[in-house]
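[1] sequence first, predicted model second:
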Amino acid sequence: MKFNAYYEPNTVEECVQILSEQGSDAKMLAGGTDLVIRLRSRVLKPKTVVSLNAIPELSEVTLKEDGLYIGAMARLMDVSKSKLLTGAWKIVKTGAGNVSSMQVRNNATLGGNTCNASPSADTVPGLVVSGAVANIVGKNGDRSVLLEDFFTGPGKTVLADDEMLVSFKLPKYADKTGAVYKKYSIRGDTDIAIIGVAGKITLNDQGEVADVKIALGGVAPTVMRVPKAEDLLTGKKLTFQLIEEAAVIASESCTPITDARATKEYRTEMVKVWVRHVLTDAAQEAQNN
Amino acid sequence: MSDCEKTNYIGKSVPRIDALEKATGKVKYFEDYQIQYRDLLHVKVLRSPHAHAKIVSIDVSAAEALPGVATVVKGSDPDIPWSDIPYGSSYYGNPAKDEVIWAGQAVVAVAAETIEIAEQALELVKVVYEELPYVTDQHIAMGPDAPEVVSPELGLACGYMGFCADGPNVAGSYKMTLGDVDKAFAEADVIVEGEFQANKKSTSQIECNGCIAEYQSDGVVKLISNGMGVHGVLKKHLLTMYPQLTASTLRVIQPVTGGSFGNRLFPTVEPLAVLMTLRTKRPCSYVLSRKEMFTSSPSNWPVFTKLKLGAKKDGTIIAEDFYLVEDAGAQIRGYFDGRLSASGLMCVYNIPNVRCDSYGVRTNTMPCAPYRGLGVPESEWAMENLMDELAEKLNMDPLELRLKNIIKKGECNPYGEKVTSIAIGKCLEAVAEGIKINEPCQQDDGPWKYGKGIAAGGKQNTPLGRAEADCLIHSDGSVEILVSCDEQGMGAQSALRQIAATELQIDIDRVKMTRSDTAVTPYDNFGASSRTTYTTGNAVIIACQDAIDQLKEAAGREVGLAKKQITIKNGKAYVVGSDVEVIDIKDLFKPFDFFTQQTWGLLQGTPVRGRGVFCPAPAVPWFGPGHEDGRTPRMWNWYQYSAFGAEVAVNVETGQIKLLKLFSTADTGNPINPKLVEGQIDGGVIMALGFSTLDYHMFEDGKMINPNMSDYRLPTVLETPLQKNIMRAILPDPLPDGPFNAKGCAESMMIPIGPAIAAAVYQAVGVRPKEMPMTAERILKLIKDKEANDAK
Ligand SMILES: Cc1cc2nc3c(=O)[nH]c(=O)nc-3n(C[C@H](O)[C@H](O)[C@H](O)COP(=O)(O)OP(=O)(O)OC[C@H]3O[C@@H](n4cnc5c(N)ncnc54)[C@H](O)[C@@H]3O)c2cc1C
C-alpha cells in the first residue's frame, strides 16, 4: 500500500478543490473498509488519497422540515442505533446493522457503502425504497440525484472525478407505511449478502396498497427495483396468493450471476422466498404503523 | 495422599504451560522475530494463473533492475536443485521450471527490501505461457484418455513403487480382499449401495505458513519456521535439496506456532527462503498471504467412494465392496494409492468379506497433504451414511445395527490386524443417550424442520517414525525435557510434561519443557497422525527411566547400596520399599570451585542426561509375493474412535442446516489431560462442522474462485451451537503400550460429524445427502428434487 500524497481537508470546499486538482489520480477515504483492502491487494493504485475523516459536518444526522438528512460519513454503527430513524425509516437502521461485524460497522460509513456501488451493499435497497436522494457537491456546484439513479454499474456511479457525496435525504413517509429489509446470507451478517430484499408498503384507509416499492440487491449489476411486481400489487388488497405472484415476478425479473457466493439459480430461488417474507412483514408493519 | 499419588498427574487437567503467556499475548510467533533483523529481505511470489501451461519464456530483467530488489528466482536458475525431480514441476514451493501444473503454483520469486518493492517487481515480470489441456475433476482425471496433469515428455513416471498405471494420471492403487465377497453378497438379505463425494478443503489455520532464514557469518543457515518437524521434515528435506548445507550448518528452530492440521507436513515456504538467503547472504522472510494459503499451500485430498454393503436380516453385515479414489491434486511427490482413505472403511466394523479397490489420481489443482483425519473423514462419510440407510432398510435402530457389527476388543479387523483397544461401542451408546435419539423432535409450521442422527468413526495411527527425548536432571533437582515434537497449539508439550513429572515422581512445577531446535533438542519426525502423545510420550518415559537409572547408580555408589536397592522420588533417593531416605539428589552433585580437581561422579552444573528413543513396532508388508490379498497383521498402529450425535434444523425454503445440539465422544486411550482432550474434541467438532456443511474449494476455469475468508465459509461462533448445547465425553479403552495407556486424540472426532448431521437431515426432511459439504444450495436441490419426485 503506497501512494504519493495523502490529504485531510477540513471542509467540503477544500476537499472538492483537491479532487478537482488531482482528477482520476485521487481516491476518497471514508471508513476504508472497502478502499484499504483494494489498496493492499494493489487492485487500486491511486497516486493520492483524500481522507474525509476531518470534515465534521459530513457525519451529521439532522431532522429537517422536508425529511431526514444523513451525512455521508455517518458510521454504520451510529446509523444502526440512531434514534432519529423512526417508523418506516427504520429500514435504513436494519440495513446498516446488517453490514458485517461490529468492528466493520464501527469504521464503515453510509456514504462509503453507497459509493462503493456493490450490487450487494446492504444499506442501498432500504435507502432506495425509502426514496433517498443523494446530495452531491462538485467543483461546479451542487446537485441531487435520486439514489436509484446514482448507480451506473458494479462499482460505478454518476459521480464525476471532482464530485463527492455529502449526504442522503430521506423524504418523509406516509402514515400506514411499513418497510422491511432482509439480507440472506449463509453465515449471518458476517457474510456478504447472497441477495438482499427491501420492500416498502403504504396502505390506504381501505387497507389496499396505496404505494409499494421493492428493491433487490445482489441479483443485477446494480440494486434494482421491480416495477412489474409493484404494479401488480398497487391498488389491491394483499393476499397470500398476490404476494406469491409478486415474488415470482421479482425472481423472473432479476438477472443474477453465478459466483463464489451462490449460483444464479439459487439466487433466483432465494429472491422468490425472501420477497414473499419481506412483503408479508412490510404489510404487517404498515397495518401497525 | 501418598507421595506417589501427589505426583501422579495422569488424568488431571493441569493448566497448559503456555496458557498464561498465550492469553497475555507474550508468546513469540516467527513473525515476531522479524524485528531482530535490520537487513531483512521480504519474499513475494508470482503465481501461475493457469491450471496447466508450458512456460515459454520469463523476462525478469525489469524486476531485477528495480532499486531495492535483492534477487529474483525462477525455476530455470542453476541453483535450483532439479536433479531429484526430472519432470520439472514445483518442488515444495520453489518456482516451476518447464510447466505449471496448477493455478497458484510459484513461477517467479523476488526478495526485496520491502514487501511493496517485491510486489512492484513482480508486476514487472513478463511470463509467456502456452496453455495446455488441464483436468480438475477427479472423475475425468481417472480416465485412460484424460488430459495429462503433467506433460508426458517431462518424464513423470506414473505410479509409486513400480505400479503400472491404468491411466496417465493414476498415481497408484491399493487392493485388498478378505473372504469371498461375491458369494457373501449372493447370500445377503439386504444390499445397499451408493456413491459419495467429499470435496476439497483447506486446513485454514490462523497463522499463515512462513519463516525467516538467516545466513550467519560462519556459514550456518538458521531457520525460524512455523513448519513442522524441525528434524524429520524441514532439516531432512532442506539437506536433500541444498547439498551446500550440511547437518551441522543448518539449524531449524520452531517458535510458537498457530496450527497446521497437516498442512505443513511438507515444507511450503522454507526451501525458497533458504535458497534466497544462500544467494544473498541476508536474512529472508517469506510468509504466505491468506490467498496463497488457499491456492498454493496443500489442501486435503478429496475422496470419491462407491460403497456396497450386504447384510443378513438380523443386521449382521457379511459383505463390503468398495471402489475409492483419492484426488491428490498436483501432488506428484508423495505417493497416493487410495490406501490412506481406504483405511477408514476397514477399522470400525467386523465384516468377514471385504473387497477394497482403491486408487490415487492426480489433477491440476493445488497439491494435497494430510488434513486432520488423513482422508478418512472423507471416506467414512460413505460408510456411515450407508449404515444409516442400511438400518432403515433393515427396519433396525441405527445404534443397534452399529453395536451389532463393531469390532470387539481382541478381534481382527479386515486387514487381519488384532485390535487391542477399542471403545466405540461405549461412545455410540453415550451419544445416542446424550441427544435422546429415541425422542422425536418437536415440529412446527415454520420453514425449519428438525431431526437427530448419530454416526461412528475410527482412525488409524501411523506405525512410522521415531521419537527421541532427553531428560536432564539438574543439580538443583529440577528437570528439563528436551523434545522436538511439534507444538502446533494442541498442548502436546503440556501433556509430555505431565508424563515426565509422573514418571519421575516429582512436582510438576519443577519440570520445564524446551521447544524444538535442532541444535538443542533430539530427533523427532513430525506431529501428525495423533502420534505425539504416544510416540514422543513413550520416548519421554524411556528418557526419564534412563535418568532415574543413572541417579540410582550415583546414589548407590554414594551410600554403599546396590542400584536395585534404591528408588528415586520427589528429588530424593530412598531404600526400596521403605520411606528411609538415603540421600537428597542435590547432594549427589558435588560442588565445583576453581581449585577442585574432579574427574568423575556428578558435578554441579552438569545435569544427568537420560536418553529415550521410541519407535512403534514396524508395519508388516502388505505387498509383494505372498501378500496378493493385500492383507497384513500390521499395517497401522493403534486406532482412535469417536461417535457423534447431532440435533439439527433444516430450512426447507433455503436448504440451510443449523446444528442445534451435539454430543461428541472420543476413545483416546487413557487421557493424560482431560481438558486438553476436550479442547481437541470441541475444536475438531467445529472444524468438521465447517467442512461438513459449509467450506470447500470452488473451481472455475481451473482456478479456485473462493480463496479468501469471506467466500471460503468457515464456521464462525454464530454457526456453533450454544456452549450449553455442546456436550462431550472421553470414553477410553486404555492402550496397552501407550504412555500411561494413552493413545492420541486429534482426529477421530472429525469423522462422524458429517454423517451424523446427514442422518439428522434425513430425519428432518427426508433427503439423503451424498456430497460433503452439505451446503444450503445442495440441500435445497435435494429437497426440490424430492418434491418433484413426490409430485409424480
Ligand atoms: C470484513 C468485511 C465485511 C463486509 N461485509 C459487508 C456486508 O455484509 N455488507 C455490505 O454492504 N458491505 C460489507 N462490506 C463492505 C464495506 O464494509 C461497506 O461497503 C462499507 O460501508 C464501506 O464504507 P467505508 O466508509 O469503509 O468506505 P471506504 O472503503 O472508505 O470507501 C469505499 C469507496 O467509496 C468511496 N467513497 C467513500 N465515501 C465517499 C463519498 N462521501 N463520496 C464519494 N466517494 C466516496 C471511496 O473512494 C471508495 O471507493 C464488508 C467489508 C469488510 C472488510
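    Happy to help now that I have it.

[2] make it CA atoms for all contacts and neighbour counts henceforth
    Noted.

[3] where does pLDDT dip in the stretch 501-650 of chain B?
    With pLDDT under 70 as the threshold, the stretch 501-650 of chain B has low-confidence stretches at B:596, B:598-599.

[4] for it, which segments count as helices?
    Using DSSP state H, counting those that start in this stretch, the helices assigned to the stretch 501-650 of chain B run over residues B:537-559, B:585-588.

[5] any idea which of these is most buried?
    helix B:537-559 (a mean of 23; mean count of other C-alpha atoms under 10 Å in any protein chain shown).

[6] packing partners for it?
    Counting contacts by 3 or more C-alpha pairs under 8 Å, 6 or more residues apart in numbering or on different chains; DSSP states H and E, helix B:537-559 is packed against strand B:467-473, helix B:492-504, strand B:566-569, strand B:581-584, helix B:585-588, strand B:608-614.

[7] of all these, which one is nearest residue B:658?
    Residue B:658 lies closest to helix B:492-504 among the helices and strands packed on helix B:537-559, at 32.6 Å (C-alpha to C-alpha).

[8] residues making contact with the helix or strand of chain A with the lowest mean pLDDT?
    Averaged element by element with mean pLDDT, DSSP states H and E, chain A has its least confident helix or strand at helix A:35-40 (a mean of 94). Here helix A:35-40 makes contact (C-alpha atoms under 8 Å, 6 or more residues apart in numbering or on different chains) with A:1, A:2, A:29, A:44, A:45.

[9] most neighbours among those residues, which one?
    residue A:29 (19 neighbours; other C-alpha atoms under 10 Å in any protein chain shown).

[10] now that residue: closest residue in space that isn't a chain neighbour?
    Using C-alpha to C-alpha, 6 or more residues apart in numbering or on different chains and skipping residues adjacent in sequence, the residue nearest residue A:29 is residue A:51, 4.5 Å away.

[11] okay, the helices of the stretch 501-650 of chain B in TSV with distance to residue A:283 next?
    TSV is the format used below for the helices of the stretch 501-650 of chain B (distance: least, C-alpha to C-alpha, whole Å):
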stretch	distance to residue A:283
helix B:537-559	66
helix B:585-588	84
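
[12] and residue B:742, backbone torsions?
    Backbone torsions for residue B:742, taken as degrees, to the nearest 10, come to phi -80, psi 150.

[13] you'd agree it is up against residue B:735?
    Yes: in this structure residue B:742 lies within contact range of residue B:735 using C-alpha atoms under 8 Å: 5.8 Å.

[14] anything in contact with each of these two?
    With C-alpha under 8 Å, 6+ apart applied, the overlap between the contact sets of residue B:742 and residue B:735 consists of B:669, B:670.

[15] those two: who's more crowded?
    Taking residue B:742 and residue B:735 together and counting by other C-alpha under 10 Å, residue B:742 has the greater number of neighbours (25 against 22).

[16] so what's the more buried one up against?
    B:533, B:534, B:668, B:669, B:670, B:671, B:672, B:734, B:735.

[17] what's the neighbour count on the first one?
    In terms of burial, residue B:533 registers 26 neighbours under the definition other C-alpha under 10 Å.

[18] which residue comes closest to it once chain neighbours are left out?
    According to C-alpha to C-alpha, 6+ apart, the nearest residue to residue B:533 is residue B:744 (5.9 Å).

[19] who are the contact partners of that neighbour?
    Applying C-alpha under 8 Å, 6+ apart, one finds that residue B:744 lies in contact with B:530, B:531, B:532, B:533, B:534, B:640, B:668, B:669.

[20] wait, doesn't the third one sit right on residue B:484?
    No: with contact taken as C-alpha under 8 Å, residue B:532 and residue B:484 are classed as non-touching, separated by 10.0 Å.

[21] so which of those two has more stuff around it?
    residue B:484 (31 against 27).

[22] please tell me the pLDDT value assigned to the more buried one.
    Each residue has a pLDDT score; the one for residue B:484 is 97.

[23] wait, it sits on residue B:527?
    No: distance between residue B:484 and residue B:527: 9.3 Å, which falls outside the contact criterion (C-alpha under 8 Å).

[24] now list whatever residues contact both of the two.
    With the criterion set as C-alpha under 8 Å, 6+ apart, the overlap between the contacts of residue B:484 and residue B:527 is residue B:229.

[25] what does the model give the most centrally placed residue in chain A for pLDDT?
    Taking C-alpha atoms, centre = their mean, the centroid of chain A lies closest to residue A:124, which sits 1.3 Å from it. We have a pLDDT of 98 for residue A:124.

[26] nearest spatial neighbour of it, chain-adjacent residues omitted?
    residue A:114 (6.4 Å).

[27] can you show me the strands along the stretch 51-200 of chain A?
    Shown for the stretch 51-200 of chain A, the strands assigned by DSSP state E, counting those that start in this stretch span residues A:61-64, A:67-71, A:133-138, A:141-146, A:151-153, A:156-157, A:164-171, A:177-184, A:195-203.

[28] same list (these) but as CSV, adding mean neighbour count, distance to the ligand and mean pLDDT.
    CSV is the format used below for the strands of the stretch 51-200 of chain A (neighbours: other C-alpha atoms under 10 Å in any protein chain shown; distance: least, C-alpha to the nearest ligand atom, whole Å; pLDDT from 0 to 100):
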stretch, mean neighbour count, distance to the ligand, mean pLDDT
strand A:61-64, 15, 14, 97
strand A:67-71, 21, 8, 98
strand A:133-138, 22, 8, 98
strand A:141-146, 13, 13, 97
strand A:151-153, 17, 12, 98
strand A:156-157, 16, 9, 98
strand A:164-171, 23, 4, 98
strand A:177-184, 27, 9, 98
strand A:195-203, 29, 10, 98
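
[29] nearest to residue A:226, of these?
    The closest of those to residue A:226 is strand A:195-203. By C-alpha to C-alpha, the value is 10.2 Å.

[30] ok, that closest one: who's next to it in the sheet?
    When pairs are called by DSSP bridges, strand A:195-203 turns out to pair with strand A:177-184 (antiparallel), strand A:209-217 (antiparallel).

[31] burial count for residue B:267?
    In terms of burial, residue B:267 registers 26 neighbours under the definition other C-alpha under 10 Å.

[32] who touches it in this structure?
    In this structure, residue B:267 makes contact with B:92, B:93, B:227, B:228, B:233, B:234, B:237, judged by C-alpha under 8 Å, 6+ apart.

[33] got phi/psi on it?
    Here the main-chain torsion angles of residue B:267 (degrees, to the nearest 10) amount to phi -60, psi 140.

[34] returning to that earlier point: within reach of the ligand, which of the contacts of helix A:35-40 are there?
    Of the residues in these, proximity to the ligand by C-alpha under 6 Å from any ligand atom holds for residue A:29.

[35] show the contacting residues for the residue of chain A found nearest chain B.
    Minimum separation of chain A from chain B (C-alpha to the nearest C-alpha) falls at residue A:260, amounting to 5.7 Å. Remark: with contacts taken as C-alpha under 8 Å, 6+ apart, residue A:260 is in contact with B:698, B:705, B:706, B:711.

[36] same question, residue B:448
    With C-alpha under 8 Å, 6+ apart as the criterion, the residues that contact residue B:448 are B:649, B:650, B:651, B:652.

[37] same thing with residue B:743?
    B:531, B:533, B:534, B:638, B:639, B:640, B:668, B:669, B:670, B:671, B:734, B:735.

[38] what of residue A:227?
    By C-alpha under 8 Å, 6+ apart, the residues touching residue A:227 are A:213, A:214.

[39] roughly how far does it sit from the ligand?
    23 Å (C-alpha to the nearest ligand atom, to the nearest Å).

[40] about what we covered before: including distance to residue B:600, could the strands paired with strand A:195-203 go into a markdown table?
    Rendered in a markdown table, the data for the strands paired with strand A:195-203 read as follows (distance: least, C-alpha to C-alpha, whole Å):
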| stretch | distance to residue B:600 |
| --- | --- |
| strand A:177-184 | 77 |
| strand A:209-217 | 83 |
